[in-house]
Structure formats: structure tokens, C-alpha cells
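> here is a sequence with its predicted model. Questions after.
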Amino acid sequence: MDRRFKDDWDVPSLCTELVISFRTRQRECRSQAGEPSAALLRFGLLVISFVFAMMVALDNTLPAQRADGSPQPAEPRPRASREELETYRHTHTLMDWTAREVKDAPELAKLRPAGTQALPLILKQVGERAAEMIAEFRNIACDERVYSEWEAGSPILTWREMGPNEVAHHFLYIIIPRPAGDPLMFKEYRTNPKGQPIDLASLADLRLITTNFTGSWAYFNPSNQPESRFRYFGDEPIRKQLCYVVGFAQRPGVARNFTTFEAGDHSAVILVQGLAWIDEKSFHIQKLETWLLAPRADIGLASQNTTVNYSPVLPAGMKNVLWLPQEVTVEVHYHNIYIRNTHRYSGFKLFRSHVLITP
């Protein structure tokens with residue numbers, strides 16, 4: 001028996017604009033009889049995952065259902081070891097920034113000092129918006145372009161001509177909401193632009209996998225807020241819209257939602273801190289920046305910075321507007337290698353799929 005996963009998404013014409021970067025984990029999906037079948041390329045680590053080119057992991061899970069049609073149980077959360085937690089003890093975070101450090105932060109160059117808006121009210125409102133969007137979310141597909149750059153020994157120059165250490169890829173990106181209670185919230189998959197499984201050999205030029213940006217705002221979900229400390233810094237405009245700027249830092253020993261980092265046969269749990277720019281009118285997050293809570297010298301990870309820009313989108317076939325990633329940049333300094341992945345998303349549509357069963 002052969003099960004083939006097929007979608008009804010109309011693929012737009014290819015765009016020549018250079019953008020985005022990425023890398024991948026895949027395994028053929030097999031039926032109970034053990035026969036291979038077409039499968040979506042799957043990315044399913046918590047919040048954001050980083051997998052270097054030296055590793056191609058395999059997976060055989062299709063979204064949200066077992067073979068008998070019943071829902072899959074929530075996947076287990078990754079756990080931080082005692083040694084990893086000790087790395088983050090007594091670290092200096094943006095919660096501890098002095099007035100001088102706030103003024104010198106390049107991310108806050110246009111910051112207006114904090115007004116009278118109370119932090120608890122901001123967190124309550126943004127948490128409610130997050131819960132509403134989770135409830136309204138449906139299966140979504142979009143066009144993704146990934147542009148990846150890397151350098152050995154020195155940081156990457158800003159926006160240069162294509163060179164030998166730079167590659168571009170084009171994917172169909174599929175976002176599937178998970179059952180209530182699943183810590184992942186979303187599963188995110190990639191296929192080629194025609195909805196067909198990706199040939200791993202075609203991705204051999206990628207150095208880094210970066211994925212799972214849809215739910216990057218999960219730190220502000222009401223059930224997750226106790227896992228972080230928060231600080232209201234003030235107001236700053238983003239795309240001509242005034243936003244509350246709220247910082248957060250995950251709490252070692254308390255946080256249960258992690259970024260995961262994998263290289264070769266080794267994996268690590270990463271805690272982060274960051275800034276969110278929250279629209280003062282809608283209380284949706286317009287922009288989110290995260291970086292390491294502390295460098296991880298034990299695994300050679302000196303820095304990891306992620307910037308996610310969100311915009312209101314009305315996917316074709318839906319009646320509700322969703323705030324979805326439009327552009328994402330990830331910069332990593334691992335051992336002596338600097339890597340930058342840039343992702344851009346467009347053409348959001350409702351995604352429908354069906355299974356064809358043939359003898």
C-alpha cells in the first residue's frame with residue numbers, strides 16, 4: 001500500500017529576487033508495509049532549531065495524525081542538563097542593563113523613555129492576542145526563499161555580491177498547528193516549489209538549518225510568561241507604527257521551552273534573551289530579536305542572533321488576518337565560522353492536503 005501526500009496549493013511563478021537561507025532534516029515516510037512514500041520535508045524542533053551541514057537527520061512523521069487517524073500525542077520537551085543550567089547562572093542579561101547600556105544599544109537607537117503604560121497590562125494584552133491567533137490558526141502554505149552566507153575567521157560583510165560561500169534556495173513552506181497542549185504549537189515543513197519531496201543532495205551546499213519561526217513569540221504566550229523575566233524599556237517606532245519595547249530573559253531552571261542547537265552527534269539546549277516591539281494599537285508583535293542568554297563556550301557557540309519581522313497577512317482562502325513572519329535573519333558564530341541565513345516569505349495561502357491510497 002502506497003500513501004502519497006499531496007497538496008492543493010497553487011505554486012506561483014518563480015521570483016528571481018535573491019533572498020533566504022536554510023538546511024534540512026528528512027526521512028522517507030513509510031507505510032505499515034514498509035514501502036517508501038512521498039513525504040514532506042520536516043522541521044520539528046522547539047521554537048528555533050540550528051542544524052549544521054555535517055548532519056542530516058531523518059524523520060518519518062506526518063503532521064498531527066497516526067496511521068489509524070487518531071491525533072499524535074504531544075512530543076516530549078527537550079531538557080537542560082545540570083551542566084547547561086550552570087552555564088546561565090549569574091549571567092548579565094538585558095534585565096540588568098544600566099541606563100548607559102540601554103542608551104548604547106543599537107537596537108534601541110530611537111527609543112523614547114518608558115511612559116506610564118504598566119508592564120503587566122502590556123503582557124496581558126499581548127498574551128491575549130497570542131492566544132487568539134493560536135485559536136484561529138489553520139494549515140498555511142507560503143513561498144519561502146532562503147539565502148545563506150558563511151565566512152571562516154571573520155564576520156560576514158553586509159549585503160555584498162554573490163560569492164563562493166553563498167547559496168540561495170526556494171521552498172514551499174508549510175505551517176501546521178499542533179494539538180492543544182503540545183509545546184511546539186506549530187510544525188513547519190518544506191518541499192520543493194511544486195510540493196514534492198526535497199532531494200537532500202540538492203541541499204549539500206547549506207551549512208546551517210534554521211527553522212520554526214512562526215511561533216517565535218511563544219515567550220509571550222500566557223502559559224509561557226512565567227518562564228521569563230520581563231522589562232518595559234519604552235516606545236520606539238517600527239515601520240511608522242509606535243511600539244512598546246519589552247525585553248525578556250528566560251529563567252534558568254524554570255524555562256521549559258528551549259531553542260535547540262545540533263552539530264554532528266551533539267545537541268544542546270539554548271536559553272535566550274531578547275526584545276519585542278509590540279504594536280501599541282493591536283498589541284501584536286511587529287518585531288522580535290533574540291540572542292543567547294550567555295555564550296556557550298562548552299560547545300563552541302559564541303553567539304546566535306535572530307531577528308523576526310512580522311506583518312498582518314490575510315492568507316488566500318481565509319477570513320481572518322494572521323501575524324506571520326515576512327523576513328527572518330539568523331546570524332551564528334560557531335567555533336571559527338560565521339553564518340548568516342536570511343528568509344523571506346510571501347504568497348500565503350490556506351493549505352489543504354489529502355492522502356491517496358493505492359494498492
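Yep, that arrived. Note that the coordinates shown come from a computational prediction; the quantities given were computed from them, not determined experimentally. Numbering: from 1, shown residues only.

> phi, psi for the nearest residue to S81 once chain neighbours are set aside please.
Nearest non-adjacent residue to S81, counting by Cβ to Cβ, 6 or more residues apart in numbering: V269, 7.5 Å away. C-beta here means a position set from N, CA and C on the backbone, and glycine is covered the same way. Main-chain torsions, V269, degrees, to the nearest 10: phi -90, psi 130.

> what of D104?
phi -90, psi -10.

> can you give me the distance of it to L94?
According to Cβ to Cβ, to the nearest Å, D104 and L94 sit 12 Å apart.

> quick one: which of the two has more around it?
Neighbour count, other Cβ atoms under 10 Å: between D104 and L94, L94 has more, with 21 against 11.

> just give the nearest non-adjacent residue to that one, would you?
The spatially closest residue to L94, leaving aside those adjacent along the chain, is G247, at 4.7 Å (Cβ to Cβ, 6+ apart).

> parallel or antiparallel, list what pairs with whichever strand or helix holds the one you found.
Using DSSP states H and E, G247 sits within strand 241-250. Within its sheet, strand 241-250 is paired with strand 228-238 (antiparallel), strand 272-279 (antiparallel), according to DSSP bridges.

> tell me how far the residue nearest to S81 lies from L350.
For V269, the distance to L350 equals 34 Å [Cβ to Cβ].

> these two - which one has more neighbours?
Neighbour tally, V269 and L350, criterion other Cβ under 10 Å: the higher count belongs to V269, 19 against 14.

> figure out how far the helix or strand hosting Q125 is from the centre of its chain.
In the assignment (DSSP H and E), Q125 maps to helix 119-136. Computed by Cα atoms, centre = their mean, to the nearest Å, the chain-centroid distance of helix 119-136 equals 19 Å.

> buried set for stretch 310-322?
Across stretch 310-322, burial judged by 16 or more other Cβ atoms under 10 Å covers 310, 313, 315, 318, 322.

> may I see those residues organised as a markdown table, with secondary structure, distance to D205 and pLDDT added?
Rendered in a markdown table, the data for those read as follows (DSSP: H, G, I helix; E, B strand; the rest coil; distance: Cβ to Cβ, whole Å; pLDDT from 0 to 100):
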| residue | secondary structure | distance to D205 | pLDDT |
| --- | --- | --- | --- |
| Y310 | strand | 29 | 95 |
| V313 | strand | 30 | 93 |
| P315 | coil | 31 | 93 |
| M318 | coil | 35 | 89 |
| L322 | strand | 32 | 92 |
